[in-house]
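*Asks:* what follows is a predicted structure for the sequence shown.
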Amino acid sequence: MKNVDALAEEFRFKYERFILGCDNQEDMDAWDRDVLGEMDVYYENELLGVILRLVVADGKISGRESDYINRCFGYEQTPETLAEVYENCRERYVRPIEEDFAESCRRLEAVSAKLAAAYRELLSLICDILIESDGAITPSEVQTAQQLRALARSGQ
């Protein structure tokens with residue numbers, strides 16, 4: 001798991017920088033806070049939504065997956081509470097995961113190309129972390145993670 005631990009540390013560092021970038025864009029009035037809410041919260045929710053949809057692809061959230069989600073975001077959630085969060089938001093996820101990710105990227109690209117690139121890198125990293133941390137990887141999880149990584153790396 002050492003590689004996964006290093007990836008989680010890298011994610012945490014880059015995520016903190018991303019959040020600061022979001023705050024800076026809000027300070028410059030580049031983000032419509034009245035319509036979309038706080039930018040950092042919006043993108044934290046977007047990332048978490050993509051992540052939860054990825055990890056439940058096999059029907060459950062493992063202890064190791066929740067441990068790494070907690071490490072990456074500074075949470076203290078159990079697999080059960082993360083599953084509950086997913087269930088409470090499930091109706092929001094009517095489009096394919098790739099479409100939601102692409103929409104988030106387009107919205108961010110309109111504000112800052114640099115932040116959009118950082119967001120895509122964060123998603124790519126979290127896909128690597130979750131695939132490496134889960135002991136029971138289904139073909140569906142691998143395929144979805146690979147599609148998301150390809151989208152993230154292509155800049156779409």
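*Replies:* Received, thanks.
*Asks:* what residue ranges in the protein score low on pLDDT?
*Replies:* The chain contains residues with pLDDT under 70 at 1-2, 94, 134-137, 155-156.
*Asks:* again, only this time at 90
*Replies:* Counting by pLDDT under 90, the chain contains low-confidence residues at 1-5, 7-8, 29-30, 32, 36, 45-74, 82-106, 123-156.
*Asks:* contacting residues for Leu115?
*Replies:* Phe18, Gly21, Cys22, Gln25, Leu108 (C-beta atoms under 8 Å, 6 or more residues apart in numbering). Yep, even glycine has a C-beta here, placed from its N, CA and C like the rest.
*Asks:* how about a cut-off of 10 Å?
*Replies:* Arg17, Phe18, Gly21, Cys22, Asn24, Gln25, Ala30, Met39, Tyr43, Leu108, Glu109 (C-beta atoms under 10 Å, 6 or more residues apart in numbering).
*Asks:* output the contacting helices and strands for the lengthiest helix in the chain.
*Replies:* Secondary structure of the chain read by DSSP state H shows that its longest helix is helix 2-27. Judged by 3 or more C-beta pairs under 10 Å, 6 or more residues apart in numbering; DSSP states H and E, helix 2-27 is in contact with helix 39-55, helix 63-73, helix 97-111, helix 113-133.
*Asks:* out of these, nearest to Ala8?
*Replies:* Proximity to Ala8 (C-beta to C-beta) singles out helix 63-73 among the helices and strands packed on helix 2-27, at 4.8 Å.
*Asks:* report all helices and strands that the closest one contacts.
*Replies:* When contacts are defined as 3+ C-beta pairs under 10 Å, 6+ apart, helix 63-73 packs onto helix 2-27, helix 39-55, helix 79-89, helix 113-133.
*Asks:* make CSV out of those helices and add distance to Pro96.
*Replies:* Formatted as CSV, these follow (distance: least, C-beta to C-beta, whole Å):
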stretch, distance to Pro96
helix 2-27, 24
helix 39-55, 10
helix 79-89, 16
helix 113-133, 15
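*Asks:* nearest to Asp100, of the ones you listed?
*Replies:* Between Asp100 and the helices and strands packed on helix 63-73, the tightest spacing by C-beta to C-beta is seen for helix 39-55, at 6.8 Å.
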